[in-house]
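Asker: my questions are about this predicted structure, shown below with the sequence.
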Amino acid sequence: MKRTFLLFVVIFTLGCSKDNDNQNPNVIPYQEGLTTNYITINNITRKYLVYRPTGMTSVNAVVTVLHGGGGTGLGVSNLGEHPLSVFRTLADID
(Lines give C-alpha, C1' and ligand atoms only; values in the text may rest on other atoms or scores of the structure.)
Protein backbone atom coordinates (compact mmCIF):
# COMPACT_ATOMS: atom_id res chain seq x y z
CA MET A 1 0.00 0.00 0.00
CA LYS A 2 2.82 2.40 0.86
CA ARG A 3 4.55 1.59 -2.43
CA THR A 4 1.35 2.30 -4.41
CA PHE A 5 0.84 5.60 -2.60
CA LEU A 6 4.46 6.59 -3.20
CA LEU A 7 4.13 5.76 -6.90
CA PHE A 8 0.99 7.92 -7.09
CA VAL A 9 2.78 10.83 -5.38
CA VAL A 10 5.78 10.53 -7.72
CA ILE A 11 3.65 10.41 -10.87
CA PHE A 12 1.55 13.34 -9.62
CA THR A 13 4.68 15.32 -8.80
CA LEU A 14 6.23 14.63 -12.20
CA GLY A 15 2.99 15.64 -13.88
CA CYS A 16 2.95 18.94 -11.99
CA SER A 17 6.60 19.81 -12.53
CA LYS A 18 7.53 22.99 -14.34
CA ASP A 19 8.22 22.50 -18.03
CA ASN A 20 11.76 22.91 -19.28
CA ASP A 21 12.50 26.01 -21.31
CA ASN A 22 12.80 23.95 -24.49
CA GLN A 23 9.34 22.37 -24.15
CA ASN A 24 6.09 23.91 -25.32
CA PRO A 25 3.67 23.94 -22.35
CA ASN A 26 0.71 23.80 -24.77
CA VAL A 27 1.71 20.40 -26.17
CA ILE A 28 0.15 17.36 -24.51
CA PRO A 29 2.96 14.77 -24.14
CA TYR A 30 0.78 11.71 -24.83
CA GLN A 31 -0.71 10.35 -28.05
CA GLU A 32 -4.47 10.12 -28.49
CA GLY A 33 -6.04 6.90 -27.27
CA LEU A 34 -4.69 4.44 -24.74
CA THR A 35 -0.88 4.34 -24.44
CA THR A 36 1.48 2.31 -22.27
CA ASN A 37 4.26 4.18 -20.49
CA TYR A 38 6.99 3.23 -18.03
CA ILE A 39 8.65 4.91 -15.07
CA THR A 40 11.71 3.63 -13.20
CA ILE A 41 12.36 4.56 -9.59
CA ASN A 42 15.11 2.92 -7.50
CA ASN A 43 15.75 0.42 -10.32
CA ILE A 44 12.12 -0.75 -10.25
CA THR A 45 10.26 -0.22 -13.52
CA ARG A 46 6.52 0.25 -13.33
CA LYS A 47 4.03 0.37 -16.17
CA TYR A 48 1.20 2.88 -16.30
CA LEU A 49 -1.50 3.59 -18.87
CA VAL A 50 -2.61 6.99 -20.11
CA TYR A 51 -5.87 7.57 -21.95
CA ARG A 52 -6.11 10.76 -23.99
CA PRO A 53 -9.45 11.40 -25.69
CA THR A 54 -9.44 11.94 -29.45
CA GLY A 55 -9.38 15.62 -30.40
CA MET A 56 -8.15 16.82 -26.99
CA THR A 57 -6.06 19.96 -27.50
CA SER A 58 -5.75 21.28 -23.94
CA VAL A 59 -5.80 19.76 -20.47
CA ASN A 60 -8.81 20.73 -18.37
CA ALA A 61 -8.46 18.06 -15.70
CA VAL A 62 -6.43 14.97 -14.90
CA VAL A 63 -8.05 11.90 -13.31
CA THR A 64 -5.91 9.15 -11.78
CA VAL A 65 -7.53 5.74 -11.39
CA LEU A 66 -5.78 3.13 -9.23
CA HIS A 67 -6.88 -0.49 -9.49
CA GLY A 68 -7.14 -2.61 -6.38
CA GLY A 69 -4.97 -5.54 -5.35
CA GLY A 70 -5.02 -8.32 -7.90
CA GLY A 71 -6.40 -5.97 -10.56
CA THR A 72 -4.74 -4.69 -13.68
CA GLY A 73 -4.62 -1.29 -15.30
CA LEU A 74 -5.72 -2.79 -18.60
CA GLY A 75 -8.78 -4.32 -16.90
CA VAL A 76 -9.76 -0.90 -15.56
CA SER A 77 -9.21 0.82 -18.90
CA ASN A 78 -11.19 -1.60 -21.09
CA LEU A 79 -14.73 -0.35 -21.46
CA GLY A 80 -17.34 -2.52 -19.77
CA GLU A 81 -14.86 -4.84 -18.05
CA HIS A 82 -14.54 -2.95 -14.78
CA PRO A 83 -16.74 -0.44 -12.91
CA LEU A 84 -13.93 2.15 -12.99
CA SER A 85 -13.88 2.08 -16.81
CA VAL A 86 -16.67 4.66 -16.60
CA PHE A 87 -13.93 7.30 -16.28
CA ARG A 88 -12.79 6.53 -19.81
CA THR A 89 -16.35 7.06 -21.05
CA LEU A 90 -16.55 10.38 -19.16
CA ALA A 91 -13.25 11.50 -20.65
CA ASP A 92 -14.76 11.24 -24.14
CA ILE A 93 -17.61 13.62 -23.29
CA ASP A 94 -16.92 17.25 -24.32
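Answerer: Nice, I can see it.
Asker: what's downstream of the lowest-mean-pLDDT helix or strand in the chain, the next helix or strand?
Answerer: Every helix and strand in the chain was compared by mean pLDDT, DSSP states H and E; the lowest is helix 2-15, with a mean of 54. Per DSSP states H and E, the first helix or strand lying C-terminal to helix 2-15 is strand 33-41.
Asker: what lines up beside that next one in the sheet?
Answerer: Strand pairing for strand 33-41, determined by DSSP bridges: strand 44-52 (antiparallel).
Asker: quick check: buried residues in the strand it pairs with?
Answerer: Val50, Tyr51, Arg52 (16 or more other C-beta atoms under 10 Å). From N, CA and C alone the C-beta is placed, and that goes for glycine too.
Asker: give me the three-state assignment for Arg88.
Answerer: At Arg88 the chain is in helix, as set by DSSP: H, G, I helix; E, B strand; the rest coil.
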